[in-house]
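[1] Fold the following and give me the result.
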Amino acid sequence: MINRFLILPLICFVFTACTGQPEVTAQVLRYAIIPESPRPGDPVTIGVNTNEIEAHLIVDGQRVSRARFFNVPAEGENPSFRAAFLGVPATVRANSAVIRLLNEWDAAYNIEITISPREFQHQTLHFDAAVSSLVNDPNPQRTREAEIIWSIWSATGNHIYHTGPFSLPTTTTRRTSPFGFRRTNIYSDGTRGGSTHTGVDFGMPTGTEIYACARGMVKLSRMRILTGNSVIIEHAPGVYTMYYHLDSVIAQENTIVETGALIGLSGATGMVTGPHLHWEMRVGGEYADPDVFVSRPLLDKNLIINRIFN
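    Below you'll find the model as predicted:
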């Protein structure tokens with residue numbers, strides 16, 4: 001069990017009523033980390049009662065991901081707190097690690113955690129000449145599209161559109177590639193490349209309805225070279241889901257969609273070997289397993305408040 005109480009070496013000056021002289025006190029940081037022992041590829045929800053600015057995940061002495069804190073306003077008798085969503089890279093190994101909290105005074109506080117083991121399977125894909133050219137042929141448009149999408153993923157806004165669990169984006173149950181598969185890509189010229197599968201693939205006929213997994217703001221809905229017709233939805237600060245290779249898009253950019261809203265029809269556009277939906281989640285720019293938030297809330301306010309205030 002993680003100790004959720006830290007006495008910060010932060011000096012606070014409180015002026016006494018009798019003498020008017022400053023009295024030195026220490027501020028107590030209370031926090032909640034969900035889950036307490038994440039796996040590679042897991043999103044981590046952090047709640048704190050103090051004015052933290054950033055959270056860094058440190059593995060083997062190196063920062064591997066980061067997240068910005070945002071305010072969660074008070075509701076009724078429930079107090080406000082600050083929260084952040086931190087992604088554990090799917091490529092890190094099971095090990096001891098540190099979540100480092102940085103506040104507005106640039107003071108750092110380390111919380112030791114353990115990254116639990118997780119096994120990923122391997123998959124080999126063969127691409128024909130047309131698909132291979134999407135990856136191997138130079139194209140300035142592909143670079144511009146990458147810059148646009150990274151500017152979306154790296155943004156941490158202030159809007160909390162959704163707090164509960166995700167719904168699955170399709171009624172189809174056939175999965176052709178789970179999250180985190182280690183892939184060997186074989187191109188038409190015989191060259192090979194390695195990659196990690198960044199989402200979940202659902203095999204389905206072209207034209208199958210695709211739904212928003214949660215309420216959010218549509219940040220992108222357009223054709224891209226590699227991912228084909230694509231939709232990106234922001235659900236909370238730093239949390240985005242993507243829906244790739246659609247035959248057509250229905251969601252409109254800069255509009256709010258509700259959970260279960262029809263956002264497009266499945267297809268085989270972009271870099272694909274057949275019709276399917278690629279469903280992906282990014283947390284603080286880091287790809288994470290979207291199934292995690294199907295089984296637990298995105299922002300469990302009651303659990304966080306209970307841990308840091310009670």
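[2] Report the secondary structure element holding the residue lying closest to residue 202 once chain neighbours are set aside.
    The shortest distance from residue 202 to any non-neighbouring residue, by Cβ to Cβ, 6 or more residues apart in numbering, is to residue 277 (4.6 Å). All C-beta atoms are positioned from the backbone trio N, CA, C, and that covers glycine. Assessed by DSSP states H and E, residue 277 sits inside strand 276-283.
[3] Give the buried residues for that strand.
    Residues 276, 277, 278, 279, 280, 281, 282, 283 are the ones in strand 276-283 that count as buried (16 or more other Cβ atoms under 10 Å).
[4] Tell me which stretches of the stretch 1-150 of the chain form strands.
    With DSSP state E, counting those that start in this stretch, the ranges of strands along the stretch 1-150 of the chain come out as 5-15, 22-34, 43-48, 52-59, 62-68, 70-72, 81-87, 95-103, 108-115, 122-126.
[5] Now render those strands as CSV, adding mean pLDDT and mean neighbour count.
    As requested, these are exported to CSV (pLDDT from 0 to 100; neighbours: other Cβ atoms under 10 Å):
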stretch, mean pLDDT, mean neighbour count
strand 5-15, 42, 11
strand 22-34, 73, 15
strand 43-48, 97, 24
strand 52-59, 96, 19
strand 62-68, 96, 17
strand 70-72, 96, 17
strand 81-87, 97, 24
strand 95-103, 95, 18
strand 108-115, 94, 16
strand 122-126, 85, 13
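[6] For residue 153, find the nearest of the ones you listed.
    Among those, the nearest to residue 153 by Cβ to Cβ is strand 81-87 (10.4 Å).
[7] helices or strands up against that closest one?
    strand 43-48, strand 52-59, strand 62-68, strand 70-72, strand 276-283, strand 286-288, helix 301-309 (3 or more Cβ pairs under 8 Å, 6 or more residues apart in numbering; DSSP states H and E).
[8] For these, give me a markdown table that also has distance to residue 141.
    Shown next, in a markdown table, are the helices and strands packed on strand 81-87 (distance: least, Cβ to Cβ, whole Å):
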| stretch | distance to residue 141 |
| --- | --- |
| strand 43-48 | 31 |
| strand 52-59 | 34 |
| strand 62-68 | 29 |
| strand 70-72 | 33 |
| strand 276-283 | 20 |
| strand 286-288 | 23 |
| helix 301-309 | 42 |
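[9] Please identify which of these is closest to residue 105.
    Here strand 52-59 is closest among these (Cβ to Cβ), at 9.4 Å.
[10] With only the CA atoms kept, save the closest one in PDB.
    Provided in PDB are the C-alpha atoms of strand 52-59 (Å, rounded to 0.1, in the frame of the first residue of the first chain):
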ATOM      1  CA  GLU A  52       0.900  20.600  -8.100                       C
ATOM      2  CA  ILE A  53       1.700  21.600 -11.700                       C
ATOM      3  CA  GLU A  54       3.200  18.500 -13.300                       C
ATOM      4  CA  ALA A  55       3.700  14.800 -12.700                       C
ATOM      5  CA  HIS A  56       6.700  12.900 -14.200                       C
ATOM      6  CA  LEU A  57       7.100   9.100 -14.400                       C
ATOM      7  CA  ILE A  58      10.700   8.200 -13.800                       C
ATOM      8  CA  VAL A  59      11.900   4.700 -14.700                       C
END
